[in-house]
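Participant: Here is a sequence together with a model predicted from it:
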Amino acid sequence: MPAKYRPRLASGIVLTTGTKRFVLVFPLDEFEHLSERVNSLSLVGPEAAMLRRQLFSNGFDTELDKQGRVVLPEPLREYAGISQEVVIAGVGNHIELWSPEEWQREREEIARAALENPWAKLGI
């Protein structure tokens with residue numbers, strides 16, 4: 001992990017699948033906060049059930065080693081298509097890990113969406 005992220009991740013991290021082919025990396029306290037929010041959702045709603053399964057059944061608790069590295073479990077590497085290289089994207093309260101190929105596709109999608117002025121759609 002880049003040095004600027006390490007202090008925030010020092011108390012532990014949770015790795016899980018993203019909504020596309022990437023890996024989510026949460027500081028432990030952020031994941032606990034998210035867990036509380038997800039667990040407060042209806043038990044019978046299909047979207048809430050899917051979100052619970054995605055976050056929790058694919059999650060791995062871990063820590064950075066002394067050099068600030070993290071071992072990415074094989075199921076998450078396979079899910080995201082990560083082999084040798086990884087793109088690390090800081091996204092607010094979490095980090096996303098992408099294969100370079102998937103990240104390039106995502107950047108192209110972001111560029112297309114930017115033409116539609118997402119800031120205005122969100123009222124910003």
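Facilitator: Noted; the coordinates are in hand.
Participant: ok, residue 1 - how many residues close by?
Facilitator: For residue 1, the tally of surrounding residues (other Cβ atoms under 10 Å) stands at 18. In short, each C-beta sits where N, CA and C put it, glycine included.
Participant: how near is the residue nearest to it when sequence neighbours are not counted to residue 50?
Facilitator: When the adjacent residues along the chain are set aside, residue 1 lies closest to residue 68, with 5.0 Å between them (Cβ to Cβ, 6 or more residues apart in numbering). Using Cβ to Cβ, to the nearest Å, one obtains 33 Å as the distance from residue 68 to residue 50.
Participant: Could you do residue 6 as well?
Facilitator: For residue 6, the distance to residue 50 (Cβ to Cβ) stands at 32 Å.
Participant: what does the lengthiest helix in the chain contact?
Facilitator: Longest helix in the chain, counting residues (DSSP state H): helix 100-114. With contact meaning Cβ atoms under 8 Å, 6 or more residues apart in numbering, helix 100-114 is reached by 20, 21, 22, 80, 81, 85, 86, 87, 89, 98.
Participant: let's go with 7 Å and repeat that
Facilitator: 21, 22, 80, 81, 85, 87, 98 (Cβ atoms under 7 Å, 6 or more residues apart in numbering).
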